[in-house]
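> Could you look at this predicted model? Sequence included:
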Amino acid sequence: MNQALPLNEALWVLLLGSLLGLELIGKVPPTLHTPLMSGANAISGITLLASLALIAQAQTPLLQAMGALSLAFALFNVVGGFLVTDRMLAMFRRRGDDQ
């Protein structure tokens, strides 16, 4: 029983999720953005899996494109998060501790 989300429902989910994310991020103080990036990477990893599932079950090319776009955004978020986390951790290394 394969029931894909109709396009209008998928767009509503995208819109409401975007607005919720914007509201939540806006309430986080700037000093906490970098430490919270590591936890956000795990959530974005789940988003990567959901995007792949959406692409696999998409019945129309438009839904496949939306899945590919969500995959690209989640991948961008994961990679950027790891880069920012690595940079943050580099601030705490001693000068002679190159690994």
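All right, it came through fine. Residues are numbered from 1 along each chain as shown.

> Scan the helices and strands of this structure for the one with the lowest mean pLDDT.
Averaged element by element with mean pLDDT, DSSP states H and E, the chain has its least confident helix or strand at helix 33-57 (a mean of 79).

> which residues touch Leu48?
Leu71, Ala74, Leu75, Val78 (CB atoms under 8 Å, 6 or more residues apart in numbering). In this view, the C-beta of every residue, glycine as well, is placed from N, C-alpha and C.

> distance between the helix or strand following the least confident helix or strand of the chain and the chain's centre?
Remark: after helix 33-57, the chain's next helix or strand is helix 61-90, criterion DSSP states H and E. In terms of CA atoms, centre = their mean, to the nearest Å, the centre of helix 61-90 is set 5 Å apart from its chain centre.

> what about helix 61-90, average pLDDT?
Averaging pLDDT along helix 61-90 gives 85.

> Now do it against helix 33-57, angle only.
Between helix 61-90 and helix 33-57, the angle comes out at 150 degrees (axes from the mean of the first three to the mean of the last three CA atoms, to 10 degrees).

> So which other helices or strands are in contact with helix 61-90?
helix 7-26, helix 33-57 (3 or more CB pairs under 8 Å, 6 or more residues apart in numbering; DSSP states H and E).

> Ok, which of the ones you listed comes nearest Ala65?
helix 33-57 (9.3 Å; CB to CB).

> Nice, that's everything, thank you.
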